[in-house]
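Trainee: Provided below for reference: sequence and predicted model.
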Amino acid sequence: MAIYLHRGQKILVQGITGRQGAFHAQQMRAFGANVVGGTSPGKGGTVVDGVPVFNTVREAVEATGATASIVFVPGPYTKDAAFEALENGIRLLVLIPEHVPVADSIDIVTRAQDLGADVVGPNTFGVISPGEGTKMGIMPNHIYRPGDVGVVARSGTLSYEIAYQLTNAGLGQSTVVGMGGDPVVGGTFVSVLQRFREDAATRAVVLVGEIGGSAEEEAADYLSTLGKPVVAYLAGRAAPVGKRMGHAGAIIERGRGTLESKERALSQAGARVVTVPWDVAPAVAEVLR
Amino acid sequence: MKLYEYLAKQILAEAGVPIPPGRVVDTPEDAAAAVREIGPVALKAQVLVGGRGKAGGIKFAESAEEAPEVAKQILGMDLKGYRVERLYAEGKLAIEREIYVSVTTDRSRRCPLVMASAHGGVEIEDVEDRHIIRRHVDPRVGVLPYFGKEMAYAMELPAGLAREFGDLVERLYRIYREYDAELVEINPLAVVDGHLVAADARLNVDDSALFRHRALPVVDEGTATERKVSEIGLAFVELDGDIAVMANGAGMAMATLDTIQHFGGRPANFLDAGGGASVEPTAQALAVLVGMHPRAIFVNIFGGITRCDDVAKAIIQVKNTQGIPVPLVVRLTGTNEKEGVALLEHEGISAYSEMDKAAQQVVALAGEGR
């Protein structure tokens, strides 16, 4: 089992002929993902690496029966791509692009809620389940192993670091989810934790957070319901107030969203909070013992 | 992107929000003209820092005779690190009471949020929670006048003001949507002669949406180096340490700074080399780091969408063109790691695969340079 993903799930790649879309469609397939088609306006009828390309999501869904899609288009075009997917029956949408206007993200997330669809991202590295042998994302394949540790993160590369440490310590992963680094994203720590709670394949959860917003504090409130051990690592200790640390969401504004308040909330809720990335794996090994 | 007060006021006025009479002042002579036109004015420095008044950035001019002298005191002054290039002259108000109102985005609810308080004039963080009215907006529905009117009655404003407040919130929400605002804030929203007037205003536009607002003048708050890197399209923040840092991904870049601090070093900057940045921008960013004259440079890459071989090529390019005269520590793991490490080794640069060992090494090398 896993969350969001399952073996054989039919996946579309929107923007499959672009540099990133083509590279990562191929990487996804190398990991075992069932990429059944891609879209690229004007390139319908061609084939990329054995994957049929369609002009529109409508044609692709009709031909393949896909219900999941991963989007690789520039930020300004993401709303259009997301709505095209949602209105044509896609119910799991992974939005890789960064620089998506927040107003567009609000519209996407609102529409997805009305349709009962799941949105991961934008500005996410995606979702991967080593046990199910599939992924929808841009994470490097070789650092993951099947196992029973769930990981939910705001940042991609930092989650790779953590997954790599877990794998090196012999701790495989059930599902690794990237929520996305933007202020408004489809998932929340709480919505992902709810899924991990229901997931029999997950025995412990690693939460990788950062400064800004209040998602970590809200996650802390949910920990007593989760009923599974949690190890938390948060980035941004050295970040000054009022400076945006790359992610549109990572900013300490007027004293809110500080690392200290987040760590305190998580720690008081029973999470094991570690302060350097390489302490995560040993802490997970301990809480699983 | 934050907009200057005068621009925010101009946008409010265009949307039908009442503002005090005012005009932009670029020279001392302009200030005299402003007083002749408006009467006694407050001359306000147009800089994007809070606490302008206390720092001497707001002064009053009662007559056209004294206005140029007062303007000279502020124009050109250094206000918390920003040079004052422009003033905004605004008619003095006889304020009866001060209200707070803003439209912003609630990240956890993922929808717009309107906040109001009858206790305006101070930072909203300093207002007691029970005095703040919060209403979420359904983006499918938007805001009609009843929305703000309900809030006004909850604040116990009189009926006349409640009607004005309803219209005002509708207009603020329209600005929030039209300008892709992160924040539209009027504080204080003054009551003058029994009517609402936006005495001070803040309008921050979502950077990711600037492509829809090309008519807005670009306001860059960054330092010279920050501007240089943002022109390359990468995220950069200058800090006060001596170890220059490049990492890929914002979370990783933050964690790298934390790690340097953990081992007793002091990071000189935050630099997210980005998702999938190709060789050229990575090399340009590294060149900027070299130009900062740090004691050591740390490149920490966990390749995902970024490819380790691209990063290696960028490093080699900088080494062979402008040179890297300070100790350089490279950590490469992830996509195309083998290719990247091989390229670097060919040039006599060794790469670490573990972040902690690499960070320890760069802190030690920076220490030797002290």
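Mentor: Yep, that arrived.
Trainee: Going by length in residues, pull out the top helix of chain B.
Mentor: Secondary structure of chain B per DSSP state H: the longest helix is helix B:159-178.
Trainee: Any buried residues in that one, and which?
Mentor: Residues of helix B:159-178 classed as buried by neighbour count (16 or more other CB atoms under 10 Å in any protein chain shown): B:161-177. C-betas here are computed from N, CA, C, even on glycine.
Trainee: what's the helix or strand just after that helix in contact with?
Mentor: Using DSSP states H and E, the helix or strand that follows helix B:159-178 towards the C-terminus is strand B:181-192. By CB atoms under 8 Å, 6 or more residues apart in numbering or on different chains, the residues outside strand B:181-192 that reach it are A:102, A:183, B:12, B:17, B:93-105, B:120-121, B:123-124, B:161, B:168, B:172, B:175-176, B:196-206.
Trainee: list the helices and strands the longest helix of chain B packs on?
Mentor: helix B:5-14, strand B:97-106, strand B:111-117, helix B:145-154, strand B:181-192, strand B:195-198 (3 or more CB pairs under 8 Å, 6 or more residues apart in numbering or on different chains; DSSP states H and E).
Trainee: Make CSV from the ones you listed and add mean neighbour count and mean pLDDT to it.
Mentor: As requested, those are exported to CSV (neighbours: other CB atoms under 10 Å in any protein chain shown; pLDDT from 0 to 100):
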stretch, mean neighbour count, mean pLDDT
helix B:5-14, 19, 96
strand B:97-106, 21, 96
strand B:111-117, 21, 97
helix B:145-154, 19, 98
strand B:181-192, 23, 96
strand B:195-198, 19, 97
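Trainee: how close does the closest residue to chain A within chain B get to residue A:159?
Mentor: Residue of chain B nearest chain A, by CB to the nearest CB: residue B:251 (2.2 Å). To residue A:159, residue B:251 is 7 Å away according to CB to CB, to the nearest Å.
Trainee: Same question for residue A:68.
Mentor: Counting by CB to CB, the separation of residue A:68 from residue A:159 is 20 Å.
Trainee: Over to residue B:111?
Mentor: Relative to residue A:159, and taking CB to CB, residue B:111 is found at 27 Å.
Trainee: Check residue B:4 too.
Mentor: Residue B:4 is 39 Å from residue A:159, where distance means CB to CB.
Trainee: out of those two, which sits in the busier spot?
Mentor: Relative neighbour count places residue A:159 above the other of residue B:4 and residue A:159, with 31 against 20, counting by other CB atoms under 10 Å in any protein chain shown.
Trainee: So for residue A:249, what pLDDT did the model give?
Mentor: pLDDT, residue A:249: 75.
Trainee: Assign it to helix, strand or coil.
Mentor: Following DSSP: H, G, I helix; E, B strand; the rest coil, residue A:249 is assigned to coil.
Trainee: Taking the stretch 101-250 of chain A, what residue is nearest to chain B?
Mentor: Going by CB to the nearest CB, chain B is nearest to residue A:155 of the stretch 101-250 of chain A, at 2.2 Å.
Trainee: So what's the residue count around that residue?
Mentor: By other CB under 10 Å, the residues close to residue A:155 number 32.
Trainee: Export the helix or strand bottoming out on mean pLDDT in chain B to CSV, keeping only CA atoms.
Mentor: Ranked by mean pLDDT, DSSP states H and E, the weakest helix or strand in chain B is helix B:224-232, scoring a mean of 80. Taking Å, rounded to 0.1, in the frame of the first residue of the first chain, the C-alpha atoms of helix B:224-232 are listed here in CSV:
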residue,chain,number,x,y,z
ALA,B,224,23.5,45.4,-5.3
THR,B,225,24.6,41.8,-5.1
GLU,B,226,21.0,40.6,-4.6
ARG,B,227,19.9,42.5,-7.6
LYS,B,228,22.7,41.0,-9.7
VAL,B,229,21.7,37.4,-8.8
SER,B,230,18.0,38.1,-9.2
GLU,B,231,18.7,39.2,-12.8
ILE,B,232,20.1,35.7,-13.4
